[in-house]
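**Student:** After the sequence you'll find the predicted model.
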Amino acid sequence: MPAIAVRDITLHYEEAGAGDPLLLLHGGLGTALLHFRREIPVFAERYRVIAPDMRGYGHSSPPREFPPDFYHRDAADMAALLDALDARPARVLGWSDGAVVALALTVARPDLVRSLVTIAGEACILDEERAGWPALADPGSWPPRALERFIEAQGPLNYPAIFQKMLDGYNAVADADGEVVRERLGEIRCPVLVLHGETDDVVPVKQAHTLRAGIPHAELHIFPGAGHALHREREAEVRALVLDFLARA
């Protein structure tokens with residue numbers, strides 16, 4: 001797993017394939033391999049895939065911290081990574097928190113983003129979402145193998161303190177009206193594909209409609225009966241839609 005120094009940290013990342021760059025951004029509590037291990041080889045057949053462990057996660061300068069501006073901090077890190085790897089402009093795909101970071105990156109550095117795919121993403125945090133966060137941060141409810149892989153990936157500098165840190169970080173954003181980039185969605189000019197599960201119990205599907213309304217040229221696809229882990233629940237469909245969109249965009 002290559003590593004590179006950017007800003008004040010060292011980012012570790014997976015890289016595979018050749019051609020136009022495709023940046024994959026994992027979700028909260030994740031790493032590149034925890035969330036995209038199946039997608040990396042598939043997308044690498046057509047693109048130069050770059051999938052980092054975001055700041056503090058996995059091998060990227062742990063421990064993970066969640067200051068109030070963590071989404072924008074992560075976006076700045078990703079901008080520095082693309083600059084350092086001469087991988088610009090890139091197609092960008094993010095899931096969950098990774099989609100939020102992708103949106104923040106697109107708004108802050110439009111020169112770096114050729115096209116954008118959000119999966120279970122949002123541009124703001126709604127107060128109603130707070131009720132579901134404790135369950136996300138409860139490793140006691142995880143399957144044993146999933147918890148084992150998580151502990152191995154995040155290491156002793158993150159486990160178990162990362163769970164409370166994440167809750168505190170989310171609440172800090174929600175306490176500040178939840179705004180991340182909702183007010184700036186109209187500035188996005190690159191092609192955008194918004195994918196969301198109709199029954200997502202982590203990020204309500206209304207968030208996908210907010211993205212579609214705020215980015216008038218965005219394409220929206222809602223998956224009936226699907227939840228938050230959309231790229232796992234509907235693997236083949238998601239990959240087909242993404243690859244078609246990336247080729248067209």
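**Tutor:** That came through, no problem.
**Student:** In contact with the residue nearest to I125 when sequence neighbours are not counted, which residues?
**Tutor:** Counting by C-beta to C-beta, 6 or more residues apart in numbering, I125 lies nearest to G178, which is 3.8 Å off, once chain neighbours are set aside. C-beta here means a position set from N, CA and C on the backbone, and glycine is covered the same way. For G178, the set of contacting residues under the criterion of C-beta atoms under 8 Å, 6 or more residues apart in numbering consists of 124-127.
**Student:** and with 10 Å instead?
**Tutor:** For G178, the residues meeting the contact criterion (C-beta atoms under 10 Å, 6 or more residues apart in numbering) are 122-127, 129-130, 170.
**Student:** swap in L193?
**Tutor:** If you count contacts by C-beta under 10 Å, 6+ apart, then L193 has 93, 115-119, 218-221, 241-242, 244-246, 248-249 around it.
**Student:** Helix, strand, or coil at it?
**Tutor:** The three-state label given to L193 by DSSP: H, G, I helix; E, B strand; the rest coil is strand.
**Student:** Roughly how far does it sit from E148?
**Tutor:** 34 Å (C-beta to C-beta, to the nearest Å).
**Student:** Read off the pLDDT value for the nearest residue to A161 once chain neighbours are set aside.
**Tutor:** Beyond its immediate neighbours in the sequence, the residue positioned closest to A161 (C-beta to C-beta, 6+ apart) is P63, lying 6.8 Å away. The confidence metric pLDDT takes the value 98 at P63.
**Student:** contacting residues around A161?
**Tutor:** Contacts here follow C-beta under 10 Å, 6+ apart; on that basis A161 touches 63-64, 154.
**Student:** out of those residues, which is most surrounded?
**Tutor:** Counting neighbours by other C-beta atoms under 10 Å, Q154 comes out on top of the contacts of A161 with 25 neighbours.
**Student:** So it sits against G30, correct?
**Tutor:** Yes - assessed by C-beta atoms under 10 Å, Q154 is found in contact with G30 at 9.1 Å.
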